[in-house]
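Engineer: I'd like to go over a predicted model; first the sequence, then the structure.
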Amino acid sequence: MQGYIFYFMISLYYDNSILSKRGEIVLLEIKQKLIPRSLTGTRPGLYLNPSYITVHETDNTEKGADARAHANLQALGNSRKASWHYTVDEVEIWQSIPDNEVSWACGDGRNGTGNRKSISVEICVNSDGDFEKAKHNAAKLISFLMKKHGISISNVVQHHHWSGKNCPRNIRKSGWQAFLNLVISCSDSSGIPIANTVNKRTVKLTKPYMHGNDIKVIQKVVGAEVDGIFGPKTMNLVTKLQKAHGLSTDGIVGEKTWKVILKRRTLKLTNPPMTGEDVKEVQKKVHAPIDGIYDAKTMNLVTKFQKSYGLSTDGIVGEKTWEAILLG
Ligand SMILES: [Zn+2]
């Protein structure tokens with residue numbers, strides 16, 4: 001059964017747009033394919049205020065059993081009564097359950113501290129993957145989640161900690177402390193993760209409405225009231241924008257519509273300097289004086305910002321840097 005599902009999944013398209021030449025994730029992007037709310041067996045909808053990050057391995061060495069395949073497996077309804085928040089492989093991170101909802105991953109029961117207080121991260125061990133890189137990407141993700149939720153390294157634990165299961169199997173064998181050191185190495189001395197993440201969700205009309213900073217970005221561009229809530233009015237304006245750009249008018253902000261929304265001119269140091277409102281947008285994000293002039297000081301701060309997102313530090317605000325500035 002599982003073999004069949006994975007065979008199907010590997011035929012899906014493979015996005016390598018975030019890969020550097022060496023095959024590492026440059027921009028740590030979290031992709032989402034959430035378990036439908038109707039699947040209450042694996043997405044119970046219980047509130048989670050996370051104070052632990054629990055680390056797992058998928059234990060599935062089949063070819064193609066990568067992060068995307070696991071996200072799809074969870075979204076289709078995993079036959080096992082098990083679920084988890086994130087799956088990581090050597091190129092991608094997929095999220096299946098929001099950070100503020102409980103998953104069933106820790107094997108310590110419905111009211112166990114592991115299940116009720118953890119964000120669970122699964123690392124892929126598929127034989128056609130690169131486990132060392134997957135581990136590194138998981139460390140980056142964990143570092144980011146620690147910062148996001150104020151979780152200390154002492155609360156980054158193994159699945160084994162909760163239930164005694166030999167999980168994460170390979171990491172337990174090669175040394176847990178080495179993995180924790182890898183997580184620590186993903187933060188600078190002030191605890192700021194080296195790789196910040198960009199969370200580019202597919203935004204659409206749902207009940208309850210989706211909300212967040214990414215929706216504010218959409219609303220500014222389509223001319224909606226900027227309240228960060230994706231309701232029918234915002235959706236209608238998105239449809240108009242799509243029509244104007246020859247896109248299918250489904251009101252869903254997916255990859256193509258995001259491209260239109262995030263489109264900005266490329267900013268760089270020139271003589272005389274570039275000026276404008278878009279420069280102010282950048283300056284606000286990189287904590288430069290907001291005078292609308294793309295000067296050397298702004299460029300230096302852009303370079304620092306790029307470094308924190310694992311982008312190439314050229315001081316030029318192109319497509320990827322704009323994405324990080326607007327959605328990071
Ligand atoms: Zn586990």
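Structural biologist: That came in fine, so what should we check first?

Engineer: how near is the residue nearest to residue 204 when sequence neighbours are not counted to the ion?
Structural biologist: Using C-beta to C-beta, 6 or more residues apart in numbering and skipping the chain neighbours, the partner closest in space to residue 204 is residue 252 (4.2 Å). To be clear about C-beta, it is placed using only N, CA and C from the backbone, and glycine gets the same treatment. Distance of residue 252 to the ion, computed by C-beta to the ion, to the nearest Å: 34 Å.

Engineer: and residue 323, by the same measure?
Structural biologist: For residue 323, the distance to the ion equals 33 Å [C-beta to the ion].

Engineer: put the alpha carbons of the one helix or strand that residue maps to into PDB.
Structural biologist: Take DSSP states H and E as the rule and residue 323 turns out to sit in helix 319-327. The C-alpha trace of helix 319-327 is given here as PDB (Å, rounded to 0.1, in the frame of the first residue of the first chain):
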ATOM      1  CA  GLU A 319      13.200  38.300  -7.000                       C
ATOM      2  CA  LYS A 320      14.300  36.100  -4.100                       C
ATOM      3  CA  THR A 321      15.300  38.900  -1.900                       C
ATOM      4  CA  TRP A 322      12.000  40.700  -2.500                       C
ATOM      5  CA  GLU A 323      10.300  37.500  -1.600                       C
ATOM      6  CA  ALA A 324      12.200  37.300   1.700                       C
ATOM      7  CA  ILE A 325      11.600  41.000   2.400                       C
ATOM      8  CA  LEU A 326       7.900  40.900   1.800                       C
ATOM      9  CA  LEU A 327       7.100  37.500   3.300                       C
END
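
Engineer: for that helix, packing partners?
Structural biologist: strand 197-198, helix 213-222, helix 255-262, helix 277-286, helix 296-308 (3 or more C-beta pairs under 8 Å, 6 or more residues apart in numbering; DSSP states H and E).

Engineer: give the buried residues for stretch 165-179.
Structural biologist: For stretch 165-179, the neighbour count (16 or more other C-beta atoms under 10 Å) marks 165, 167, 168, 169, 171, 172, 176, 179 as buried.

Engineer: relative to residue 265, which of those residues is nearest.
Structural biologist: residue 179 (42.7 Å; C-beta to C-beta).

Engineer: so that closest one, which state does it fall into?
Structural biologist: At residue 179 the chain is in helix, as set by DSSP: H, G, I helix; E, B strand; the rest coil.

Engineer: list the contacts of it.
Structural biologist: Residues counted as contacts of residue 179 (C-beta atoms under 8 Å, 6 or more residues apart in numbering) are 55, 135, 139, 171.
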